[in-house]
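Asks: Sharing a sequence plus its predicted fold:
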Amino acid sequence: MTDEERAGWDHTPKKQKTSNSSPENDLYQQRCSLPIYPARGKLITEIRKAASVVVLGETGSGKTTQIPQYLLEAGMTKAGMIAVTQPRRVAAISISTRVADEMGCELGTQVGYCVRFDDATSEQTKIKYMTDGMLLREAILDPKLSRYSIVVLDEAHERTVHTDVLFGVVKAAQQHRANGNRPLKIVVMSATMDVDSFSQYFNKAPVLYLQGRQHPIELMYSSSSQPDYLFSTLVTIFQIHQEQPVSEDMLVFLTGQEEIESVARSVREVALDLPQNVPGLVAIPMYASLPPGQQLRVFQPAPSGKRKIILATNIAETSVTIPGIKHVIDTGKVKAKSYQAGSGLDLLRVQWVSQAQAWQRTGRSGREDSGTCWRMYTEDEFTKLLANTIPEIQRCNLSSVVLQIMALGIKNVLTFDFMDPPPRESLEAALKHLELLGAVSRERHLHLTPIGKEMSTYPLDPPMSKVIISAKDYGCLEEILTIVSVLSVESILHSPMSKRDKALAAWKKFYCSEGDHVTLLSVYRAFKAVKNKKEWCRENYINHRNLKHAMEVRKQLRDLCVRANLTLQSCGHDFTAIRKCLIQGLFMYSAELQCDGSYLTLDRKQTVSIHPSSCLFQCKPSYLLYSELVQTSKCYMRNVCVVDAEWLYETAPSFFRQRCGKKR
DNA sequence: GAGCACTGC
């Protein structure tokens, strides 16, 4: 979503009966005054002419809201809907709300949206805003995307895994439909200059440039390299504060929660010692794990006579737009995920941003008026940064992506038409993982097994899908649905740092000797049984919101199971059945106790420890399953479950024979 | 004896 489109309206659907497309209408006037409006005719002509078009639209051009309407008005939806994909749910919902307003129709009629858990479309729908992940799901059922005449891939420059896979999917669908009477048009929309690769990939598609409404921004570089970017950031904050008008708010890009809270403390401390004649300031943190109520603080104006300083992660680069920012301080650092197929471990590391990311941050200062961006690095350092951020698909675990691609009917993932192919080792590692789960087979040729096909219907990581479809063999689908749902949302255990001991004491009554999975099940069961759920959550340090979310996920998974004719059996208190079932998907995530009290993983022989948040932290069972490994100060197993060596061996004899040869 | 960039189905 562009800045223009994000700002200035609330997210609640407005139901409007009068038509807004009459010339005397305000919204109509607004539409005509957008920078994109003069290009309307040319856009329609070009998109009509070419099979694929790339649109480069600066922020504020209005491309996301207007282009779909232009195509509709030009009669280009006769043979099917227009799909407009977005990387984020809130964007799909709020933009479609805006467009419905502009068109003077009710949301869900001609204009609608479709995101997980929420489908606001109908038979009348002509323009459908949706998340990229949603279109990908649809593609598994219908690889030709036959309901659509045009697919608009918005925010393509963000290069999410879903968008990257969609590139290949829509391109293949277009080829399939090229000779029929209903060709598929593709519009790729990007906000960065790097559009050549998009054009090349989509058969040299023409590139259309749109003017934006960005104001001039002054760039300030450090004169010398800064060894301590936090210190130079603090100095710069107070330099700006003392020299610039107090009405000009500041946005500082930092790497994470801890850093933000510590800088916030420093800012407040230094502010106490400012001379009398210097105005006051308020430091406001902004990061994703902040409770929603506190996130809203960034939108409130500063108390009069004070300056607002927002300390944010890269959430403020794309997901949240804060109005009124005049100064941006860019530390040039970001915390990002890196994955090496070799270690099989996801890592979060602080690293340099790319040039494109730096420009994105810079742009946050010139929204309503001219602005300034203060870079905490030299111009020379800037030129040495990567031009573009490495696409996510090249730095993540690919098991679920590979499963999805194969479910789309693509024969060989290794030759799938990626715009930027991921490393071969990552694809091979994913295939090996799926083979262990019985989802793919290499007999004669590489193919998806019936189990793999079934697994691909669940919105889960492959191990968890495997656990679900295995539950029928253990008569515990009800329990497994609960456990899988709770594991797939953010933690339901709420542990405020100040009340850690109290929280721990409250959880003790749910603890089960079998491990965290069964413990989470007992929390969920207790929650279902009580009347006053909110109060119960507060008393027991349980996160009510995340638990509600888990219930929503559970309902979706349950529906999918019913559709697959899986019987919803309960095993009551037979936790052995549950643990044996978990092994079916997680056996490669197992560890063995060593004589010295440490643990070694069974597949790569890595030294690991039980995470201190686990209910088994002080226990030493001989064999464990874990849901994930996290590398922090040590390599920790998070969410562990006690198992028998025999069960592991019975589940995957050849896997364990290779790895524990001497034992058997 | 700890620690969480950001999304999404």
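Replies: Nice, I can see it.
Asks: which of the residues in the helix or strand hosting residue A:309 are buried?
Replies: Following DSSP states H and E, one finds residue A:309 within strand A:306-312. Buried residues in strand A:306-312, counted by 16 or more other C-beta atoms under 10 Å: A:307, A:308, A:309, A:310, A:311, A:312. Where C-beta positions appear, they are placed from N, C-alpha and C, glycine not excepted.
Asks: The closest residue to the second one other than its chain neighbours sits in which helix or strand?
Replies: Excluding its sequence neighbours, the residue lying closest to residue A:308 (C-beta to C-beta, 6 or more residues apart in numbering) is residue A:302, at 3.8 Å. Taking DSSP H and E as the criterion, residue A:302 maps to no regular element, lying outside all helices and strands.
Asks: what number of residues lie near residue A:302?
Replies: Residues near residue A:302, counting by other C-beta atoms under 10 Å, number 18.
Asks: pLDDT weak spots in chain A?
Replies: A:1-24, A:341-344, A:661-664 (pLDDT under 70).
Asks: Does DNA strand B have contacts with the longest helix belonging to chain A?
Replies: Counting residues, the longest helix found in chain A (DSSP state H) is helix A:544-563. No - contact of helix A:544-563 with DNA strand B (C-beta under 7 Å from any atom of the strand) is absent, the minimum separation being 8.1 Å.
Asks: who does the helix or strand following that helix touch, helix- and strand-wise?
Replies: Per DSSP H and E, the first helix or strand lying C-terminal to helix A:544-563 is helix A:575-586. Judged by 3 or more C-beta pairs under 8 Å, 6 or more residues apart in numbering; DSSP states H and E, helix A:575-586 is in contact with helix A:462-470, helix A:477-487, helix A:516-529, strand A:623-631, strand A:635-642, helix A:645-651.
Asks: Need the ones you listed in a markdown table (columns: distance to DNA strand B).
Replies: Converted to a markdown table, the helices and strands packed on helix A:575-586 look like this (distance: least, C-beta to the nearest atom of the strand, whole Å):
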| stretch | distance to DNA strand B |
| --- | --- |
| helix A:462-470 | 9 |
| helix A:477-487 | 11 |
| helix A:516-529 | 13 |
| strand A:623-631 | 6 |
| strand A:635-642 | 7 |
| helix A:645-651 | 25 |
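Asks: what does the next helix or strand after the strand holding residue A:309 rub up against?
Replies: Moving toward the C-terminus from strand A:306-312, the next helix or strand (DSSP H and E) is helix A:315-318. Here helix A:315-318 makes contact (C-beta atoms under 8 Å, 6 or more residues apart in numbering) with A:87-88, A:155, A:158, A:251, A:253, A:286-288, A:310, A:322, A:357, A:360-361, A:364.
Asks: can you tell me which of the residues you listed are in strands?
Replies: A:251, A:253, A:286, A:310 (DSSP state E).
Asks: Let me have those in TSV, extended by distance to residue A:26.
Replies: What follows is the ones in strands among the contacts of helix A:315-318, written out as TSV (distance: C-beta to C-beta, whole Å):
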residue	distance to residue A:26
A:251	31
A:253	36
A:286	32
A:310	31
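Asks: tell me which of the residues you listed is nearest to DNA strand B?
Replies: Using C-beta to the nearest atom of the strand, residue A:286 comes nearest to DNA strand B of these, at 7.9 Å.
Asks: Alright, calling it a day.
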